[in-house]
Every structure is written in structure tokens, then in C-alpha cells.
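Chemist: using only what follows, build the 3D model:
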Amino acid sequence: MKFSRTEVEAVIAASPRLHVPFNKLILSQDYQARPEGVRPRLSLPELAASIRESGVLQNLVVIKGARGMYEVCAGGRRLESLALLVAAADIPDNYPVPVLVVPADKALIASLAENVCREPLSVADELAGFLRLSEEGEPVEDIAAAFGVTPLVVKRRLKLAAVSPRLMALFREEKIGLDCLMALASVEDHQKQEQAWAGLQPWNRHPEALRRLLSQGEIESDRDPVAKYVTVKAYEKAGGATRRDLFSDDEKRVYLLDGPLLESLATNKLQKKSKQIAVDGWKWVEVRSRYDHDEFVKYGQLRKTRRTPSEEEGGAIASLQARLDTLRGQMDALQDQAGDDENDDQAFLKLEAECEGLDAKLNALQEALCIWPPELMAQAGCVVFVGGSAKAEIKYGLIRPDDRGGMSDLARKAGEASGAGELLVSLPSPKTRPVHAEKLMRRLTAHRVAAVQAELLARPEVALAAVTAQLAVKLLHDGFRRYHGSDSALTVNASDVHDGLRSEADDMAESSAWKLMDAQRSAWLERLPSHANAVFPWVLQQDQATILQLLTFLVASSVTGVSGVERDRQSTDPLALALGLDMTRWWQPTGAAYLNHVSKGRILDVVTQAAGANAASPLASLKKDAVVAGAEQALAGTGWLPECLRTQKGPVRASDEPDDTSDVRTGGHASVANGQASTDLPLAA
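Modeler: I've put the predicted structure just below:
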């Protein structure tokens, strides 16, 4: 039905307005424009609370019915809300309701005008209204009561309303979704909110990524072992600052903002445990909130020795062992019968349970015989720390580098006396200082990963071989590991490392390799359907060339291999070899990329390697800045690369084992690349 605004205004002007008792109103079955079951944002309890607080602010549209009744054509939800208030005895049955009485032949026009012509209040305007009420002094509880919601709902709306004005403007323009606005509102700092939004690529602006950015440097109370050990209650009692995300489904999660205070509380709590250990005769006992393996890797390790059992202990051990042998013999006999007798099954289970109890007792007796050599304890120490289970743990028998001198001879004598030889002490072999710091290694290998990804875009045959090899290793070499409890038709997984690379190197965004991948990502995002469920049907409609191009990009996006450790072989070597990677196309040893991050001596060594001693000699007497500038000129066009960026000249052997020092943050291993077998293909799957 078509109608003009003039017609609607004429109907309204000609219709009388009056107040009708609630008990004279019924819902019209013929003239309601809004289908039954369609509900706007405001729920009936919220609307009822608003009416109770402020009355019916907008009249209902009615027509005269039979026997003095009025049929409601527009305002059905207000009528239902009034019914709730009458049922709760909040208003009387004859409560006067403002109505506009229209002719029956104009009822549908009036109903449509009520529901179509009026412009609904936007979410942003609604939030601004809540904020204004709060600023005018209305308590949260009163606002909640007025709108029939919980105080938590009001607090959440006030949080949303207090978001940075710049971000709220984007929300009004529908450039920020409500879910992202909730993530941004989890912190109060407007600058931090704006930086988080600007710091993500448009395709990556989703609530989880925003929350990760906003919570950097904060400690999650329900995940961090030290936080769980100290407890939020003790931390807050000590004056520790916290942040609670009102929009989190996990009400118990608290973000702790004062890391040093948390560490201090943890070490103080561990002191009692350290005093108990100190009396055992150790030379030193240190308390740490966390045990950093890298910090103690240079320490030696004292081992336990087994003392001779006493006559009583020996008898107990022999008795337990004899009983266990008897029980196991009986269990073997029952198994040999291989019958279906239920009594045999019960007997077997009973014997098995008794064996488990005796095994525990025997292990406890054997453990009691293993002791720290008293004569060596005086040269070793312990570290008390919070373990991964959020409980106090102890690392026993650590030998400081300064105490190694006399420990070897002392250990040899103690070992000969106990019959353990020289195995009571293990000392780390001397290590040379690495050429590159961990941070620089991660920076360089991140650039190598970006280059491999970019090169892979033009080599779909290598991408196909790589992902096939990854799946072959995962499903055939390791066939006993299966994923259970998943409703997915496939158990193929992948991880996107694009943003992670940028966090490893501050110059990554300027890298031509990274830019190429970023452009490809944007192009595919534009082509793919926006809804996840539509992607598979879309792919089915594409030709094989398009599908292979997409697969190649996705495989390239999952390539990983960032490492902070210098090693003979990089995890990206198989792919680099298959691609014929030449890093000089993607990276140059400039001051910003490399020279500013190493020592002057290293720069001179590099120039000597690449351009000869004659080029390096004039730089030796210069200051660091001048050395960097001179080295840039000397290295230009030489093709020099750090070892970690060079591509192997030969195939990786099939017998090569994965490197145990592989950085667990960078992904896993795979197998074949371009026909060459390997066991370390760096796909993050």
C-alpha cells in the first residue's frame, strides 16, 4: 500500500487523542503492522521498567471496537509491557493510557506510519543517553531499575559510551562493529584505544586481535602461574592495580597491571619454603618468581647417588618385590586361561589393584635411597620458584660457574666412594658468545621467512609439494596422533604469521616481500565471500588455476621459521633450496637492517669478508656512525649475507633429524620440498 506523508498527517490531525483505561484495550488481530515474534533491541521488561519510571511517552494507535473496547493497531509492545506492570501490581487495572483513535479504514496506514516512518534511536545515541544520565548524577542502580536491566548492563553501556570520540564517530558511520567497540572499551585510555585500532590492518580488525593488543604487558590472573600462586586477593590487598573487562564472559579473569609488585609478592611468599631448604646443608638458596632456563644454562648440575639400604629397608624391599612377583604370576595365569568367566575378570582386577599399591610403596622406598651427596651439597645450591602448576617448586643441585673448580675432583672422590664413578656432576661445556644477539637473529630470520613466502607465490608446484608433505608426515608418519571431539569434516589446521613477522622486525612493513604478501592478502579478501560458510561453495565454482593460486598464497602465509638461535641449519632451508632463494633480492646489509645492530668489530670483519682488508682498514679508526656509513658503501653490490640468510648449496639429507632447539613459537616441521626429502619444512600447521 502506497501512502504519502500528507495522508498520514491528515489522519493524525483528524483523529482525537484521549486517555483510555488499560482494561478497555485489546490487541487488534487485523491491523498490526509488526509481525508477531519480531522484537526490537529493547526487551519487554526493559520497556515495562521505562513505562513504570516515566509513563507512556508515546500514544498507542487504536480503533473503536465492540462493547466499549478499543483495539490497539500500533503499540502492541507497550500494551504487553503495561500488562506486565498490571500483573506485578505496579499500576492499577484502570491505568489511563494515552491513545490516538483513528477510523478503521485508516488503521493500517496509521500502524505502518507508527512502525515505518519514525526513525529508530541508533545504538550510539542510546549509549550517549545513558552516559548523560550518569553525568547528571543518576546512580547506576537507579538507571538499571528505570530500564529493567541489571547494573552490569548499565555499566557496560556506560563503558561503551565513554570510548574515544574518534572511535565513536567511526561506530556511528558503521566503520566499527559493536563487537570491536566492546573490545576497545575494555580499557579506558583513549590513546591506547586509538593506537590499537590504527595498529591493525583492516582485514585483521576483530575483537580477539584488539584484546591481544590492548592487554600487552598485562598479566592474566587465571592463566599466569605466578598470578595464581599469589592470588588476586593478595595482590589487590598489597595495592596492586587491576583491570577488569566488563565485556568478558569470564567474570573471574582480572588483568594485573603491576608486574614488579606481583613478582615481589611471589618471592616473599616463597621465602618460607627457601628457609626450610637452607637447613639441609646447601651452599646457597635463591628465590625467583620464575625459573628461566636460559639464565641457569651455564650452571652445572649435581646428581643424586644411591646409598646402601639398611637391613630393615633391604628386607622391606625384598618382601615387596617377592609379593609383586607372586601377584604378577597369578595375573599371567589368569590371562593364559583366556576365558569369559566374570569371576576371573574380577580376580584379575583385584590383583592388578594390589600390584599398583605395592609398586607405589616400592618406588617410595627406592626413592628414599637416592640422596644428594652431603660432601657435594656444600658446593651446590637450589632455586625456589613458581612452577607451571602455580605451586612452589625447587630446582636442586645447581653448581655456579665459580664453584666448578674444585667440584670435579670432589665429585670424582665421592663417586669412587659410592661406586658411581664420575657421574655425580654434569658441567656444561664452555660456550662461545654468539655472533648475533637473539633479537637480531629473530629480525633476520623474520625477513628470510617473508622472502620465502614471497618467492613461494610464483611457485605453486613447491607450495603443493610442501603442504602434501606436511599432511603426509602428520597423518602417516605420526598416524597414532588423532584429533578427537571435533565436528569439522577435516582436521587440517594452519596459522597465519603475517602480523607476527612485523612484530619481529620494525622495518618489516617496508620490506618488498612483506608488501607483496600484504597486497596478495588484500586482493584475495576482496574476492572471497565475506561469510565463512560461503567460501567452500565459492571455491567449488572456481577453475583449477584459481584454486591453485589461492592454495599457493595460503601455504605461503603459513610459512614460519623465526628463531633467535644461531644454528648450522635454518628450518626454512628445505623451502629456500627448493625455491632457489636469493636473499640479496629481498635484503641488503644496510645500517638500519644490520650494521647498527652489531659491534664495530663485527662490521670490520664483515667488510673484510665481503670487500677485502683494504676496504676495512680505513674504517678501523673511525667512530661507529662513520664505520656504519663506510661499511654500507663498501658492502653495496657485494652480495654479502649473514649465514642465517644464505641458502644451502646442497639438498637436505633425508636422515637429518629436526633440531631440538627449534623455536616453539614459530611452528612445526614437515617433510618433502621439490622432490628433496627433509624433516623440517616450516609450515605453521
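Chemist: quick one: the strands in the stretch 101-250 of the chain, in order.
Modeler: 219-220, 242-243 (DSSP state E, counting those that start in this stretch).
Chemist: what sits up against the first one?
Modeler: What that stands for is strand 219-220. With contact meaning Cβ atoms under 8 Å, 6 or more residues apart in numbering, strand 219-220 is reached by 226-227, 253-257, 259, 262. To be clear about C-beta, it is placed using only N, CA and C from the backbone, and glycine gets the same treatment.
Chemist: for the last one, same thing?
Modeler: The contact list for strand 242-243, computed with Cβ under 8 Å, 6+ apart, reads 186-187, 218, 232, 235-236, 254-257.
Chemist: looking at those, which one is closest to Ala634?
Modeler: Taking Cβ to Cβ as the measure, Ala634 lies nearest Glu218 of these, at 45.9 Å.
Chemist: and the residue nearest to that closest one when sequence neighbours are not counted, how many residues sit next to it?
Modeler: Once flanking residues are discounted, Glu218 sits nearest to Tyr255: 4.2 Å by Cβ to Cβ, 6 or more residues apart in numbering. Neighbours of Tyr255 under the rule other Cβ atoms under 10 Å: 20.
Chemist: okay, and the beta partners of Tyr255?
Modeler: Tyr255 forms beta bridges with Glu220, Arg243, as assigned by DSSP bridges.
Chemist: show me what contacts it?
Modeler: Contacts of Tyr255 (Cβ under 8 Å, 6+ apart): 215, 218-221, 242-245.
Chemist: mind pulling up the pLDDT for it?
Modeler: As predicted, Tyr255 sits at a pLDDT of 92.
Chemist: okay, the spatially most central residue of the chain and His206: tell me how far apart.
Modeler: Geometric centre of the chain, nearest residue: Arg212, 7.1 Å, by Cα atoms, centre = their mean. Computed as Cβ to Cβ, to the nearest Å, the Arg212 to His206 distance reads 10 Å.
Chemist: ok, now Glu126?
Modeler: 24 Å.
Chemist: neighbour count winner among the two?
Modeler: Legend: neighbour count by other Cβ under 10 Å for Glu126 and His206, higher for Glu126 (16 against 13).
Chemist: what sits closest to the more buried one if chain neighbours are left out?
Modeler: Here the residue nearest Glu126, using Cβ to Cβ, 6+ apart, is Arg157, at 7.6 Å.
Chemist: that neighbour: what's it in contact with?
Modeler: 126-127, 130.
Chemist: Leu575: which of the residues you listed is nearest?
Modeler: Leu127 (49.9 Å).
Chemist: how confident was the prediction at the closest one?
Modeler: 81.
Chemist: that one touches Val154, doesn't it?
Modeler: No. Using Cβ atoms under 8 Å, Leu127 is not in contact with Val154; the gap is 10.9 Å.
Chemist: so how far is Leu270 from Leu302?
Modeler: 21 Å.
Chemist: what's the end-to-end length of stretch 231-244?
Modeler: 15 Å (Cα to Cα, to the nearest Å).
Chemist: got the buried residues for that stretch?
Modeler: Of all the residues in stretch 231-244, those buried under the rule 16 or more other Cβ atoms under 10 Å are 232, 235, 240.
Chemist: what mean pLDDT does that stretch have?
Modeler: 94.
Chemist: stretch 645-654 too?
Modeler: Here the average pLDDT along stretch 645-654 is 66.
Chemist: so where do the helices sit in the stretch 451-600 of the chain?
Modeler: With helices called from DSSP state H, counting those that start in this stretch, the stretch 451-600 of the chain shows them at 460-472, 498-504, 512-527, 535-540, 544-557, 573-579, 600-611.
Chemist: out of those, which is closest to Phe348?
Modeler: helix 460-472 (41.2 Å).
Chemist: return the distance of that closest one from the chain's centre.
Modeler: With Cα atoms, centre = their mean, to the nearest Å as the basis, helix 460-472 stands 27 Å off its chain's centre.
Chemist: I'd like the average pLDDT over that helix.
Modeler: Helix 460-472 carries an average pLDDT of 89.
Chemist: same deal with stretch 550-569?
Modeler: Here the average pLDDT along stretch 550-569 is 90.
Chemist: what's the answer for stretch 514-524, then?
Modeler: According to the model, stretch 514-524 has a mean pLDDT of 93.
Chemist: buried stuff in it?
Modeler: For stretch 514-524, by 16+ other Cβ under 10 Å, it's 514, 516-518, 520-521.
Chemist: from those residues, which is closest to Glu53?
Modeler: Arg521 (50.9 Å).
Chemist: residue contacts, that closest one?
Modeler: Arg521 neighbours (Cβ under 8 Å, 6+ apart): 203, 498, 553, 557.
Chemist: quick one: buried ones out of the residues you listed?
Modeler: Buried among the contacts of Arg521 (16+ other Cβ under 10 Å): 498, 553, 557.
Chemist: the last one touches Val452, doesn't it?
Modeler: Just to be clear, that refers to Ser557. No. Here Ser557 does not reach Val452: they are 11.3 Å apart, not a contact under Cβ under 8 Å.
Chemist: rewinding a little: can I get the buried residues of stretch 231-244 in a markdown table with distance to Arg172?
Modeler: A markdown table is the format used below for these (distance: Cβ to Cβ, whole Å):
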| residue | distance to Arg172 |
| --- | --- |
| Val232 | 37 |
| Tyr235 | 39 |
| Gly240 | 37 |
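Chemist: from the residues you listed, pick the one nearest Leu362.
Modeler: Among these, and counting by Cβ to Cβ, the member closest to Leu362 is Val232, at 42.5 Å.
Chemist: touching, the closest one and Val226? I think so.
Modeler: No. Counting by Cβ under 8 Å, Val232 stays clear of Val226, with 11.9 Å between them.
Chemist: pLDDT below threshold where in the stretch 251-400 of the chain?
Modeler: Within the stretch 251-400 of the chain, the ranges that satisfy pLDDT under 70 run 251, 338-341.
Chemist: and the strands in it?
Modeler: 255-256, 284-287, 300-302, 305-306, 370-371, 381-386, 392-399.
Chemist: so which of those strands is the most surrounded?
Modeler: Among the strands of the stretch 251-400 of the chain, ranked by average contacts under mean count of other Cβ atoms under 10 Å, first place goes to strand 381-386 (a mean of 24).
Chemist: who touches that strand?
Modeler: 225-226, 229, 266, 270, 273-274, 277, 282-291, 296, 392-400.
Chemist: just how off-centre is that strand within its chain?
Modeler: On Cα atoms, centre = their mean, the centre of strand 381-386 falls 29 Å from that of its chain.
Chemist: now swap in stretch 321-340 and tell me
Modeler: With Cα atoms, centre = their mean, you get 50 Å for stretch 321-340.
Chemist: buried residues, it. List them.
Modeler: Going by 16+ other Cβ under 10 Å, stretch 321-340 has these buried residues: 324, 327, 331, 334.
Chemist: got it, and stretch 64-78?
Modeler: Here stretch 64-78 shows 70-78 as buried, counting by 16+ other Cβ under 10 Å.
Chemist: JSON lines for those, including secondary structure, pLDDT and distance to Gly591?
Modeler: What follows is those, written out as JSON lines (DSSP: H, G, I helix; E, B strand; the rest coil; pLDDT from 0 to 100; distance: Cβ to Cβ, whole Å):
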{"residue": "Tyr70", "secondary structure": "strand", "pLDDT": "91", "distance to Gly591": "84"}
{"residue": "Glu71", "secondary structure": "strand", "pLDDT": "90", "distance to Gly591": "83"}
{"residue": "Val72", "secondary structure": "strand", "pLDDT": "89", "distance to Gly591": "78"}
{"residue": "Cys73", "secondary structure": "strand", "pLDDT": "86", "distance to Gly591": "77"}
{"residue": "Ala74", "secondary structure": "strand", "pLDDT": "83", "distance to Gly591": "73"}
{"residue": "Gly75", "secondary structure": "coil", "pLDDT": "83", "distance to Gly591": "73"}
{"residue": "Gly76", "secondary structure": "helix", "pLDDT": "84", "distance to Gly591": "73"}
{"residue": "Arg77", "secondary structure": "helix", "pLDDT": "84", "distance to Gly591": "69"}
{"residue": "Arg78", "secondary structure": "helix", "pLDDT": "87", "distance to Gly591": "72"}
